[in-house]
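# Sequence first, predicted model second:
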Amino acid sequence: MPELPEVEMCRRFLAQWGAGKRIEDVIADDDSAIRTHLSTKPSDAVPGGLNKLQDALVGQVAGEPIRLGKRLGWPIGTHGLMLHLGMTGRWRTATQAPRWGRLGLHFEGGQTAWFIDPRRFGCVALVEGSQMLELLGAGLGPDALIEPPTGGQLAAALRGKRALKVALLDQRIVAGLGNIHAVEALWRAGIHPAIPCNALTAAAADALALAIPKQLNWALQEQGGDEDLVYVTDGGDNPFAVYGKEKEPCSKCGTAIEKSVMGGRSTFWCPSCQPIS
DNA sequence: ACAGATGTTGATGT
DNA sequence: TACATCAACATCTG
């Protein structure tokens, strides 16, 4: 379920469960989640990946995981374990292998952290520790929370005439935004999602630069240290301003929220708060 | 029952 | 260049 806030929460949990602890066992029924690099493709699975992971990690002490955008890198001994949650991935502790548990890291003291990923879009990849940071950042723009770009930097990166909202999903521009928070940040900034990047004014770029970390910090607070993630689907409660609110009144002005598909993803906006020009 | 949509992201094709 | 589409997969909703 991850955009940046969920990945950051995941990082904190992994640190809590594993940092400073020795790995006693690595468990997987099916090691197809273990890939040569962070890749959504099952064909990038490492042959005999489980054995390689065991050889590299068992007996080693885990460090503090690092997050860049939606990626995590976990230094363990002389290695690094890179993690991506894909679309439905999460990490939880469990004593037994949970349903869709793809990989378990058993730490000294009895705790096992499990990578649970029903749709298998997520993965892990073992790399040399000395290479981990570089690989983690490869192809990513500045992290939306760690080094939030200024309006000027955003405007410089947002070239061409593609729709602004589509560009915000491009991790090379800014790393960490996904569909929901891109849509919500645009609402906060009062900018229509469909405007071409090159139509973004300096003032709007400044507003967007402020709205992005504001949105992500809000989401992080909503997660509130609980393991449960804030999302629309279960329970029926929708904590967002426009996402999933087609035809509902805007919380600021009461105008009906509109929806269309942009870049293949559902996009929502308030036509009054987010005028096209 | 079935079609369509769901938090990601890369590879293709027009 | 920039688009849409598909491909990985499991589940839920209308």
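That came through fine.
# near DNA strand C, which residues of the stretch 151-277 of chain A?
Proximity of the stretch 151-277 of chain A to DNA strand C, by C-beta under 7 Å from any atom of the strand, involves residues A:159, A:160, A:161, A:162, A:163, A:166, A:233, A:261, A:262, A:263, A:264. The way it works is simple: take the backbone N, C-alpha and C, and place the C-beta from them, glycine included.
# Try it again at 6 Å.
A:160, A:161, A:162, A:163, A:166, A:263, A:264 (C-beta under 6 Å from any atom of the strand).
# quick one: the helices in the stretch 101-250 of chain A?
A:129-137, A:151-157, A:164-168, A:179-189, A:202-223 (DSSP state H, counting those that start in this stretch).
# In terms of secondary structure, what does the shortest one contact?
Looking back up the chat, that one is helix A:164-168. helix A:179-189 (3 or more C-beta pairs under 8 Å, 6 or more residues apart in numbering; DSSP states H and E).
# Just the CA atoms of the helix it packs on, as CSV, please.
Taking Å, rounded to 0.1, in the frame of the first residue of the first chain, the C-alpha atoms of helix A:179-189 are listed here in CSV:
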residue,chain,number,x,y,z
ASN,A,179,-1.0,8.6,-7.0
ILE,A,180,-2.9,9.6,-3.9
HIS,A,181,-0.5,12.0,-2.4
ALA,A,182,0.3,13.6,-5.8
VAL,A,183,-3.4,14.3,-6.2
GLU,A,184,-3.8,15.6,-2.7
ALA,A,185,-0.7,17.8,-2.9
LEU,A,186,-2.1,19.4,-6.0
TRP,A,187,-5.4,20.1,-4.2
ARG,A,188,-3.5,21.7,-1.3
ALA,A,189,-1.6,23.9,-3.7
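# Quick check: closest non-adjacent residue to the closest residue to DNA strand B within chain A.
Closest contact between chain A and DNA strand B, by C-beta to the nearest atom of the strand, is at residue A:178 (1.9 Å). Nearest residue to residue A:178 in three dimensions, chain neighbours excluded: residue A:3, at 3.6 Å (C-beta to C-beta, 6 or more residues apart in numbering).
# per-residue pLDDT, the one you found?
Per-residue confidence (pLDDT) for residue A:3: 91.
# just residue A:25 next, same as before
Looking at residue A:25, the pLDDT reads 98.
# just to revisit the earlier point, out of the helices of the stretch 101-250 of chain A, deepest packed?
Across the helices of the stretch 101-250 of chain A, averaging neighbours per residue (mean count of other C-beta atoms under 10 Å) puts helix A:179-189 on top, at a mean of 25.
# for that one, the distance to its chain's centre please.
Here helix A:179-189 is found 15 Å from its chain centre; the criterion is C-alpha atoms, centre = their mean, to the nearest Å.
# now the angle between helix A:202-223 and that helix, please.
130 degrees (axes from the mean of the first three to the mean of the last three C-alpha atoms, to 10 degrees).
# what helices or strands is helix A:179-189 leaning on?
helix A:164-168, helix A:202-223, strand A:265-269.
# if we can go back for a sec, now the helices of the stretch 101-250 of chain A in TSV, with mean pLDDT?
Below are the helices of the stretch 101-250 of chain A laid out as TSV (pLDDT from 0 to 100):
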stretch	mean pLDDT
helix A:129-137	96
helix A:151-157	96
helix A:164-168	96
helix A:179-189	96
helix A:202-223	94
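# Same list (these) but as CSV, adding distance to residue A:101.
Below are those laid out as CSV (distance: least, C-beta to C-beta, whole Å):
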stretch, distance to residue A:101
helix A:129-137, 24
helix A:151-157, 39
helix A:164-168, 33
helix A:179-189, 26
helix A:202-223, 22
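# how about those helices, which one is nearest residue A:66?
Set against residue A:66 and scored by C-beta to C-beta, the helices of the stretch 101-250 of chain A come closest in helix A:129-137, at 6.8 Å.
# The closest one packs against which elements?
strand A:66-68, strand A:71-76, strand A:79-84.
# The next helix or strand after the last one pairs with which strands?
Looking back up the chat, that one is strand A:79-84. For strand A:79-84, the succeeding helix or strand toward the C-terminus, using DSSP states H and E, is strand A:90-93. Sheet pairing for strand A:90-93, assigned by DSSP bridges, gives strand A:112-116 (antiparallel).
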